[in-house]
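> The amino acid sequence is not available; the structure is as follows:
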């Protein structure tokens, strides 16, 4: 469950960077109405989520099929 949450947070962070790169619009700044503290908290959460996913990939040696069974092939028998 924590990996799925980390994945969602990381995707949101990546989409924010996409918006910044394409149009210069910072979604986090807009959502927090310019609050530096709130922005810092969100950026820390995105960073922690990214670090968790790096740890997850290293720990699983790239195999994510155990946590995302829809991706698993039927040949496992």
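Here it is on my side, so go on. Computed from a predicted model, the values in this text were never measured in an experiment.
> Spatially nearest residue to residue 38 (excluding sequence neighbours)?
Once flanking residues are discounted, residue 38 sits nearest to residue 32: 3.8 Å by Cβ to Cβ, 6 or more residues apart in numbering. Placement of C-beta: from N, CA and C, glycine included.
> measure that neighbour to residue 26 for me?
10 Å (Cβ to Cβ, to the nearest Å).
> Name the residues of stretch 40-47 that are buried.
Neighbour counts over stretch 40-47 (16 or more other Cβ atoms under 10 Å) mark 42, 45-46 as buried.
> Let's have those residues in CSV, adding distance to residue 36, pLDDT and secondary structure.
Shown next, in CSV, are the buried residues of stretch 40-47 (distance: Cβ to Cβ, whole Å; pLDDT from 0 to 100; DSSP: H, G, I helix; E, B strand; the rest coil):
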residue, distance to residue 36, pLDDT, secondary structure
42, 11, 95, helix
45, 15, 96, helix
46, 16, 96, helix
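> ok, residue 2 touching residue 53?
No - checked against Cβ atoms under 8 Å, the pair residue 2 and residue 53 is beyond contact range at 10.2 Å.
> These two - which one has more neighbours?
residue 53 (16 against 9; other Cβ atoms under 10 Å).
> tally of neighbours for the closest residue to the more buried one other than its chain neighbours?
Spatial nearest neighbour of residue 53, chain neighbours left out: residue 6 (5.4 Å); criterion: Cβ to Cβ, 6+ apart. The tally of other residues near residue 6 (other Cβ under 10 Å) stands at 21.
> Can you tell me the element residue 6 falls in?
In this assignment (DSSP states H and E), residue 6 forms part of helix 2-23.
> could you say what helices and strands that helix packs with?
helix 27-31, helix 36-60 (3 or more Cβ pairs under 8 Å, 6 or more residues apart in numbering; DSSP states H and E).
> neighbouring contacts of that helix?
25-28, 43, 45-46, 48-50, 52-53, 56, 67 (Cβ atoms under 8 Å, 6 or more residues apart in numbering).
> Distance from the chain centre to it, please.
5 Å (Cα atoms, centre = their mean, to the nearest Å).
> Export the contacts of helix 2-23 to a markdown table and append columns for distance to residue 18.
Formatted as a markdown table, those follow (distance: Cβ to Cβ, whole Å):
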| residue | distance to residue 18 |
| --- | --- |
| 25 | 10 |
| 26 | 11 |
| 27 | 10 |
| 28 | 13 |
| 43 | 16 |
| 45 | 18 |
| 46 | 13 |
| 48 | 20 |
| 49 | 16 |
| 50 | 15 |
| 52 | 21 |
| 53 | 18 |
| 56 | 23 |
| 67 | 25 |
